[in-house]
Every structure is written in structure tokens, then in C-alpha cells.
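> need a 3D model of the following:
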Amino acid sequence: SNSFTAANLTIRNTAKNGINNGGATFKVTGTISVTNTGADGVSSNKQVEAGNIHVTGTIGGTPVKNSGTMTVTGLVKVTNVTGKAVNVIQNTGTMTLTDVLVDGVKIIVGTDGAGAQNTNVANGIYNQTKLTLNGTATVTNLFTDVKNNTLGAGLLVTKGGTVTGTGSLVITGTASTDESYPYGINNGIFIDGAEGKSSVNLTGDITVTGAANQGIYLANELVEEGVVNGSTALSARNITVTNVAGNGIYMNKVNSALTVTGTITIDNAKGHGLSCMGGSVSAANMTIQNISTKNGIESTGIFTVTNTLQVKNVTKCFGTFKALDDLSMTVPKGTVYGLVGPNGAGKSSTIKVMSGILTPDAGNCVIDGLVPWKNRAEHVRRIGVVFGQRSQLWWDVPVVDSFELLRDIYRIDPQLYRRNLNDLTQLL
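Model prediction:
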């Protein structure tokens with residue numbers, strides 16, 4: 001028929017697809033619930049509208065597959081599923097989702113008809129066209145029997161696909177306890193620009209933790225092979241990457257762009273914190289710390305950090321004397337700040353914390369994406385510090401020239417300077 005309408009729909013134990021919508025306008029105002037199918041859970045190349053979609057059990061094909069138009073206003077939940085040579089949620093049409101939960105999925109990668117290992121399968125969310133996300137998508141406990149870069153990503157965007165919306169992404173890799181499915185989430189987010197302009201543009205936050213390879217991977221592998229129209233882009237409010245076995249964020253070619261309106265945080269990566277081999281990175285703030293074997297930042301690209309310096313809740317004590325007490329400040333790029341205060345106010349201690357000379361007792365400081373006392377060698381190559389607690393007169397310079405230099409430094413009005421100089425000359 002041309003249409004199917006129901007309040008709720010429950011399907012269990014089918015030899016083939018749970019739902020195979022090849023021509024109808026399919027509307028379920030409540031929940032579509034599918035358990036144990038011989039093929040796909042919910043498959044449509046026409047139109048599906050639903051309040052929620054829940055898929056669980058042994059699914060012979062793809063749990064949720066769309067090549068038409070699919071809109072879900074509530075929760076898409078795929079949990080405790082075992083499948084073969086599939087993606088958990090696959091979109092090659094137009095898909096609009098609110099909240100997503102992928103939790104507890106085991107996938108056998110398998111081989112194609114020629115006997116070669118399948119690629120572009122076993123991903124939490126796979127998109128190669130248009131996906132809109134307006135809630136929170138969570139992918140966790142995703143396991144495969146083999147791995148490579150196109151397998152086992154929390155989110156894989158390829159072939160010019162786009163992900164847009166007001167939503168957020170939470171990708172969590174965990175260690176497997178099943179010998180048949182030994183590999184957890186490989187790349188948290190994999191954006192592949194080899195076959196088009198692939199992008200993720202969300203106004204919410206992105207959090208990746210526990211990936212077995214790259215936390216976030218913007219790849220354009222075929223640029224050097226002559227494909228020049230491919231590109232990758234990722235934008236979000238904040239990005240946090242923690243506890244990954246590879247690079248925190250890896251951008252491997254020139255046609256890539258990372259834009260964050262808030263803060264990029266990378267904590268505990270065994271590769272580089274942020275590796276930008278071309279392209280551009282733009283963020284308001286950046287914190288990179290606990291990079292065990294490589295660089296905090298490895299770059300041949302363009303970096304723009306709006307707020308170059310951040311001090312947050314820093315405290316430093318010397319015995320019982322508290323030199324810095326919960327100090328916080330932000331210095332935007334391109335500005336000049338001065339610290340003014342009496343002896344003992346903490347001016348020098350603040351500068352020493354910023355220089356990496358002192359480690360605070362509490363709080364944090366980030367300058368150009370680096371924590372000074374944790375990345376000191378890399379940090380001090382970029383800065384200059386002069387401590388001056390002696391006379392402001394120079395032995396080899398006439399006194400009047402010293403005064404003139406200080407007038408320029410402090411931008412004293414020339415008439416006011418001459419009047420003060422004459423008054424002090426007469427007085428002293």
C-alpha cells in the first residue's frame with residue numbers, strides 16, 4: 001500500500017527483515033520494537049517516521065538501515081545485538097535523528113564475494129549522505145573480530161556525507177572480554193575525504209574516550225594520488241578526547257579543517273596530542289596534557305587559538321604563605337595584559353607558573369594549548385621571559401636615555417613627562 005500508520009509496532013523472530021519498507025509512507029507515532037531477525041532490523045528505501053526505534057537480539061543484517069527518508073523524534077536504541085558484515089546504523093539517504101544509543105554490539109566483519117575482507121562495516125553510525133542529529137548520540141561497547149581504519153569507528157562519515165544539527169556525540173571505547181570479538185572501538189570518529197567532501201558540523205559537544213587508535217581521524221588518503229576534490233571538516237562547541245592509544249586528533253592531509261568555538265581538550269594519548277599535517281585548526285581554547293611518548297602538537301598546518309592563555313583556579317603555597325589563591329584569568333590572542341600589585345601579591349609567582357618554573361598546588365594553566373610545567377621543553381621554545389626586580393637604570397646608558405625609554409614603554413605623554421622630570425630635578 002501507499003501508507004502504513006500505527007501507534008506502536010512490535011516484531012519478533014522473523015526469518016528475514018523485521019521491517020522492509022520498499023514503497024510505503026511508514027508512520028509509527030510511538031515505538032517500533034524489533035527483536036531477533038534473519039536479515040535487517042528496520043530497513044527502508046522510502047519514508048519512515050517514528051517516535052522511537054528499538055532493536056535488540058540476533059540481527060542477521062543491519063539493525064537500522066535507511067536509503068530513503070527516515071525521521072525519528074525520540075530515541076534510536078540498538079542494544080545487545082550480534083551481526084555480520086554490517087554497520088549498526090547505516091544511512092545512504094536522508095536521516096534525521098534526535099537521541100541515539102548504541103550499546104553492546106558484536107559484529108563479524110567477514111569477507112566479500114571475492115574473498116577479500118569487507119571494509120566500511122562494523123561502525124556504530126555510518127553515513128555517506130545527509131544525517132541530521134539534534135540530540136545526543138552515544139556509542140559504546142562496540143566490538144569486532146578484526147580491525148582496520150574503516151572498521152569499528154563510533155562514527156564513520158565517507159563519500160561526501162554530512163552530519164549536521166544541534167546535537168552532541170559521546171563515543172566510549174571499552175576493553176573486550178569476548179575472545180571472538182577482541183577489538184573495541186578503533187577510531188572514535190573517522191571522517192574520510194578520499195571520495196568527496198565529508199564533514200561533521202554540530203553545535204553541541206563531542207567526547208571521545210578509550211579509542212584503540214585515533215580519537216578523531218580526519219583522513220584524505222587519496223589526495224597525493226590525484227584526488228584533489230576530497231576534503232574533511234569537523235566543527236563543534238567543545239571537543240574532549242581522553243585515553244586513546246593513538247593520536248588524540250589526527251588530520252593527515254591538507255584539505256582538512258577543525259573548528260571549535262569553545263575548548264579542545266586532549267588528555268592522555270599515546271601518539272601525538274594533536275597532529276595536523278596540513279589544513280587548519282581554530283579554537284577559542286586548547287588544553288593538551290599527559291602525552292606519554294610524542295608531541296603535544298605536531299603541525300605543518302595553520303593554528304588559530306583565540307584565547308592564547310588561560311589560568312583557572314590556580315593556587316600556590318610556600319609553607320603557610322598562600323602566594324596565589326584560586327587565581328583565574330583569560331588573555332585573548334592579540335592583547336597585552338599587565339599585573340599590578342604590591343610586593344607579595346603573587347605577580348612573579350603567576351609568571352613563574354605560566355613559564356613552567358613553578359607547578360601550582362591546584363588548578364591549571366594552558367598557553368597555546370600546552371600546560372607549561374607538563375610540556376616545559378616544548379613550551380619554553382615559544383615564549384620569552386625577563387624577570388626585572390632590580391634598578392630600572394642601565395649602567396651603559398645615560399640616565400636621561402633610560403628615562404626616555406621608560407617613558408616610551410609606559411606611554412607617558414611627552415609634556416607630562418617633561419613636567420615631571422623638571423619637578424623631580426628641582427626637588428631632588
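> would you mark the buried spots in stretch 235-255?
235-244, 246-255 (16 or more other Cβ atoms under 10 Å). In short, each C-beta sits where N, CA and C put it, glycine included.
> mean confidence score for it?
The pLDDT scores in stretch 235-255 average 92.
> quick one, longest helix in the chain?
Criterion DSSP state H: the longest helix present in the chain is helix 414-427.
> show me the shaky parts of the stretch 201-350 of the chain.
Along the stretch 201-350 of the chain, the parts satisfying pLDDT under 70 run over 221-229, 254, 307.
> and the helices in it?
Ranges of helices within the stretch 201-350 of the chain are 347-355, based on DSSP state H, counting those that start in this stretch.
> go on, the stretch 1-150 of the chain?
Going by DSSP H, counting those that start in this stretch, the stretch 1-150 of the chain shows no helices.
> quick check on residue 380: phi, psi?
Phi and psi for residue 380, reported as degrees, to the nearest 10, are phi -70, psi -20.
> what's the neighbour count on the nearest residue to it once chain neighbours are set aside?
Using Cβ to Cβ, 6 or more residues apart in numbering and skipping the chain neighbours, the partner closest in space to residue 380 is residue 356 (6.5 Å). Close neighbours of residue 356, defined as other Cβ atoms under 10 Å, add up to 22.
> does residue 356 touch residue 381 like I think?
No: look at residue 356 against residue 381 with Cβ atoms under 8 Å: they stay out of range, at 11.3 Å.
> could you say which helix or strand holds residue 404?
helix 399-409 (DSSP states H and E).
> burial count for residue 3?
For residue 3, using other Cβ under 10 Å, the count is 10.
> residues contacting it?
24-27 (Cβ atoms under 8 Å, 6 or more residues apart in numbering).
> let's see it at 10 Å
Neighbouring residues of residue 3 by Cβ atoms under 10 Å, 6 or more residues apart in numbering: 23-27, 47.
> of those, closest to residue 409?
Lowest distance from residue 409 to the contacts of residue 3 (Cβ to Cβ) belongs to residue 47, with 70.0 Å.
> does that closest one touch residue 25 like I think?
Yes: taking contacts as Cβ atoms under 10 Å, residue 47 lies within contact range of residue 25: 4.8 Å.
> out of those two, which sits in the busier spot?
Per other Cβ under 10 Å, whichever of residue 47 and residue 25 has more neighbours is residue 47, with 19 against 16.
> quick check: pLDDT value at residue 33.
On the pLDDT scale, residue 33 gets 98.
> no, scratch that, I was asking about residue 379
In this prediction residue 379 is given a pLDDT of 85.
> ok so it is a helix residue?
Yes: counting by DSSP: H, G, I helix; E, B strand; the rest coil, residue 379 falls inside a helix.
> sketch out the strands for the stretch 251-400 of the chain, chain order is fine.
256-269, 274-276, 280-291, 297-299, 302-305, 307-318, 321-332, 362-367, 369-370 (DSSP state E, counting those that start in this stretch).
> reformat the ones you listed as JSON lines; add mean neighbour count and distance to residue 144.
Formatted as JSON lines, those follow (neighbours: other Cβ atoms under 10 Å; distance: least, Cβ to Cβ, whole Å):
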{"stretch": "strand 256-269", "mean neighbour count": "21", "distance to residue 144": "22"}
{"stretch": "strand 274-276", "mean neighbour count": "26", "distance to residue 144": "25"}
{"stretch": "strand 280-291", "mean neighbour count": "21", "distance to residue 144": "27"}
{"stretch": "strand 297-299", "mean neighbour count": "18", "distance to residue 144": "29"}
{"stretch": "strand 302-305", "mean neighbour count": "15", "distance to residue 144": "35"}
{"stretch": "strand 307-318", "mean neighbour count": "17", "distance to residue 144": "39"}
{"stretch": "strand 321-332", "mean neighbour count": "15", "distance to residue 144": "43"}
{"stretch": "strand 362-367", "mean neighbour count": "19", "distance to residue 144": "36"}
{"stretch": "strand 369-370", "mean neighbour count": "26", "distance to residue 144": "33"}
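> now the ones you listed in a markdown table, with distance to residue 218?
Output for the strands of the stretch 251-400 of the chain, formatted as a markdown table (distance: least, Cβ to Cβ, whole Å):
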| stretch | distance to residue 218 |
| --- | --- |
| strand 256-269 | 4 |
| strand 274-276 | 9 |
| strand 280-291 | 10 |
| strand 297-299 | 13 |
| strand 302-305 | 14 |
| strand 307-318 | 23 |
| strand 321-332 | 27 |
| strand 362-367 | 23 |
| strand 369-370 | 17 |
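> which of those strands sits closest to residue 200?
So among those, strand 256-269 is nearest, using Cβ to Cβ, at 10.2 Å.
> that closest one: how far from the chain's middle?
5 Å (Cα atoms, centre = their mean, to the nearest Å).
> what's the angle between it and strand 307-318?
If you take axes from the mean of the first three to the mean of the last three Cα atoms, to 10 degrees, strand 256-269 sits at 20 degrees to strand 307-318.
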